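Asker: coordinates only, sequence not included:
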């Protein structure tokens with residue numbers, strides 16, 4: 001459910017992993033004993049497999065690249081609006097975000113391996 005390979009409940013009193021008789025099931029009594037005063041059951045994930053770690057690292061690379069590209073797009077758009085409002089340059093305002101991105105791509109060199117250039121060429 002949370003993208004964990006395996007999760008193990010934590011015994012709050014003993015501050016250690018709880019070993020259940022059935023590894024995929026917790027009884028209502030066990031949940032009641034393991035939950036804290038707010039009814040929260042704390043879990044942790046033992047060491048995930050190397051494949052899962054590699055997949056998570058790759059996903060994080062995509063997230064960081066997306067964040068960098070959207071930040072660049074936002075900052076460039078703000079700069080264009082600022083230039084237009086300050087009178088340095090007359091800019092026609094695009095009707096859509098796609099048109100804005102295409103205009104910015106024409107004016108600025110984008111690394112061909114970046115996500116934004118891949119999205120714009122699609």
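Answerer: Perfect, thanks for sending it. Because the structure is a prediction, the values reported are computed rather than measured. Numbering: from 1, shown residues only.
Asker: Counting neighbours, what do you get for residue 81?
Answerer: Using other CB atoms under 10 Å, residue 81 has 12 neighbouring residues. Yep, even glycine has a C-beta here, placed from its N, CA and C like the rest.
Asker: That one and residue 41: what is the separation?
Answerer: Using CB to CB, to the nearest Å, we find residue 81 at a distance of 49 Å from residue 41.
Asker: Same question for residue 79.
Answerer: Going from residue 79 to residue 41 by CB to CB gives 49 Å.
Asker: With residue 49 instead?
Answerer: When residue 49 is compared with residue 41 (using CB to CB), they lie 24 Å apart.
Asker: Comparing the two, which residue is more hemmed in?
Answerer: Taking neighbours as other CB under 10 Å, residue 49 and residue 41 compare with residue 41 leading, 16 against 10.
Asker: Would you mind finding the longest strand in the protein?
Answerer: Ranked by residue count, the top strand of the chain under DSSP state E comes out as strand 8-11.
Asker: who does the helix or strand just after that strand pair up with?
Answerer: The first helix or strand that comes after strand 8-11 along the chain, using DSSP states H and E, is strand 16-17. Here strand 16-17 is paired, per DSSP bridges, with strand 8-11 (antiparallel).
Asker: So what touches the partner strand?
Answerer: Contact partners of strand 8-11, identified using CB atoms under 8 Å, 6 or more residues apart in numbering, comprise 16-18, 20, 26, 30, 34, 41-46.
Asker: Return the set of buried residues in that strand.
Answerer: For strand 8-11, a neighbour-count test (16 or more other CB atoms under 10 Å) marks 8, 9, 10 as buried.
Asker: which residues does the second one form a beta bridge with?
Answerer: Legend: beta-bridge partners of residue 9 under DSSP bridges are residue 43.
Asker: what do you get for residue 16?
Answerer: Using DSSP bridges, the bridge partners assigned to residue 16 are residue 11.
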